[in-house]
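> Here is a sequence together with a model predicted from it:
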Amino acid sequence: MIEDSKDISEKLFYSIGEVADMFEVNASLIRFWEKEFDAIKPSKNKKGNRLFTQQDVNMFKTIFFLVKEKGYTLQGAKQMLKDNKVAIDTEQEISERLKNIKSFLLAMKKEL
């Protein structure tokens, strides 16, 4: 899904293609979520290209977690973001740690 967080935080701005690649989705989904969620407000350069900040990427990460991994509808995700930001962050962090542990264990299994 998303790259290692230390690789992501190296840049100030990301293109829509880079954000789409991080989450392995189409750029159209990024544009759609941008319209649906007020918390995502990319700047635009002179050509009109979207420039996403690390904060925008983090918000996409949270939305992706709620919609794609937890199965929330867009309306449900909006409500969760409004009501329970701290709980979402904790659950998302736990989920990411478990995925990292799983990857580590699978890599170890291959070496046996």
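Structure received.

> Relative to S95, how far out is the residue nearest in space to the middle of the chain?
Taking C-alpha atoms, centre = their mean, the centroid of the chain lies closest to K61, which sits 1.7 Å from it. Relative to S95, K61 is positioned 11 Å away (C-beta to C-beta, to the nearest Å). Glycine gets a C-beta too; all of them are placed from N, C-alpha and C.

> follow-up on the earlier one: which helices and strands does the helix or strand that contains the residue nearest to the centre of the chain pack with?
Using DSSP states H and E, K61 maps to helix 54-64. With contacts taken as 3 or more C-beta pairs under 8 Å, 6 or more residues apart in numbering; DSSP states H and E, helix 54-64 sits against helix 16-23, helix 27-36, helix 74-83, helix 85-111.

> For it, buried residues please.
56-64 (16 or more other C-beta atoms under 10 Å).

> Listing request: residues of this structure with sub-threshold pLDDT.
Along the chain, the model assigns pLDDT under 70 to residues 1-9, 85-90, 92.

> Pull out the buried residues from stretch 37-51.
37, 39-40, 42, 50.

> now those as a markdown table including distance to E24?
Shown next, in a markdown table, are the buried residues of stretch 37-51 (distance: C-beta to C-beta, whole Å):
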| residue | distance to E24 |
| --- | --- |
| F37 | 19 |
| A39 | 21 |
| I40 | 18 |
| P42 | 19 |
| R50 | 18 |
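
> wait, A27 sits on S15?
No - the pair A27 / S15 is not scored as a contact, 9.1 Å apart, by C-beta atoms under 8 Å.

> Give the residues shared as contacts by these two.
Residues touching both A27 and S15 (C-beta atoms under 8 Å, 6 or more residues apart in numbering): there are none.

> just to revisit the earlier point, and which of the buried residues of stretch 37-51 is nearest to E69?
Using C-beta to C-beta, F37 comes nearest to E69 of the buried residues of stretch 37-51, at 16.4 Å.
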